[in-house]
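Q: pasting the structure only:
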């Protein structure tokens, strides 16, 4: 084995833990399915597409209003290793929330390498602030906002949960009431040391500053940390580390491992309102 670059992993081993397209060569089939089901969802449910929350073209979101006023809101952040993906591929989770009485919002953000990690996190904060300020316009209850995301979106979800919102203009101290990170990344040091950083371009301080594991808030909200049982050792380790750190502060965390599901298959659970993951998330929302 070559010289270790992170824990016991040499470079090729570490890259293999995070290179999911090589590990799952059928990845395009999943992406096509996400797109097809999302397009169908936008026909089934009312959708206000491409609503601006910021000044640049990337800062937009898709809103699926609730049927009745003062309904809980689920804000979703897509994955793609901070360098790919689009909100339009993740409309389908609305099927698990809107018919049950909630509102659903899928957000976009600028991607690496055009945007660095600090800017990506900052844009997601602006999207959350927009949802808070405009919740009533899509029948949302500003006191019942929840957030979720997959993969890189799981990381961004945890960063939103750990944000000092009192320092953000116009925001209350605790605007988010619960979160669900799906197959997320919470310590960015191995990401910095693997092939992904060729595009993301983080230095050690940037990785630390944007690692949820090292930015646990003073007051924690209920959190679901979900991962597929067929995901890599690193993804399962990262999920367990966040849950452990959350509970160590006395904060509520439900650690969920979905057997036999890989990194892409786990997202299909949110197309099924009766799946364990959908039920857990709706339970957190009180639906």
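A: Yes, it's here. Here the structure is a predicted model, which means the values were calculated and not measured. Numbering: from 1, shown residues only.

Q: isn't there a helix covering residue 181?
A: No: using DSSP: H, G, I helix; E, B strand; the rest coil, the assignment for residue 181 is strand, not a helix.

Q: now it: how far from residue 7?
A: Using Cβ to Cβ, to the nearest Å, residue 181 is found at 22 Å from residue 7. For the C-beta atoms, the positions are set from N, CA and C on the backbone; glycine is no exception.

Q: more neighbours, the two?
A: Legend: neighbour count by other Cβ atoms under 10 Å for residue 181 and residue 7, higher for residue 181 (33 against 12).

Q: Low-confidence regions, the stretch 51-200 of the chain specifically.
A: By pLDDT under 70, the stretch 51-200 of the chain has no low-scoring segment.

Q: All the helices of it, in order from the start?
A: For the stretch 51-200 of the chain, the helices defined by DSSP state H, counting those that start in this stretch cover 117-134, 152-161, 189-193, 197-200.

Q: ranking the ones you listed by burial, who's on top?
A: helix 152-161 (a mean of 28; mean count of other Cβ atoms under 10 Å).

Q: contacting residues around it?
A: Contacts with helix 152-161, where a contact means Cβ atoms under 8 Å, 6 or more residues apart in numbering, come from 76-82, 85, 109, 120-121, 124-125, 128, 147-149, 176, 179-186, 188, 210, 212, 215, 217, 220-221, 223, 242.

Q: run the last query once more with 6 Å
A: 77-82, 121, 124, 128, 147-149, 179, 181-186, 212 (Cβ atoms under 6 Å, 6 or more residues apart in numbering).

Q: Next: stretch 228-238.
A: By Cβ under 6 Å, 6+ apart, stretch 228-238 touches 17, 183, 185-186, 227, 257-263, 266.

Q: what's in contact with the lengthiest strand in the chain?
A: Taking DSSP state E as the criterion, the chain has its longest strand at strand 140-150. Here strand 140-150 makes contact (Cβ under 6 Å, 6+ apart) with 70-77, 79, 103, 132, 135, 156-157, 160, 175-180, 182-183, 267, 285.

Q: which of the contacts of stretch 228-238 has the most neighbours?
A: residue 183 leads the contacts of stretch 228-238 on contacts (other Cβ under 10 Å) with 30 neighbours.
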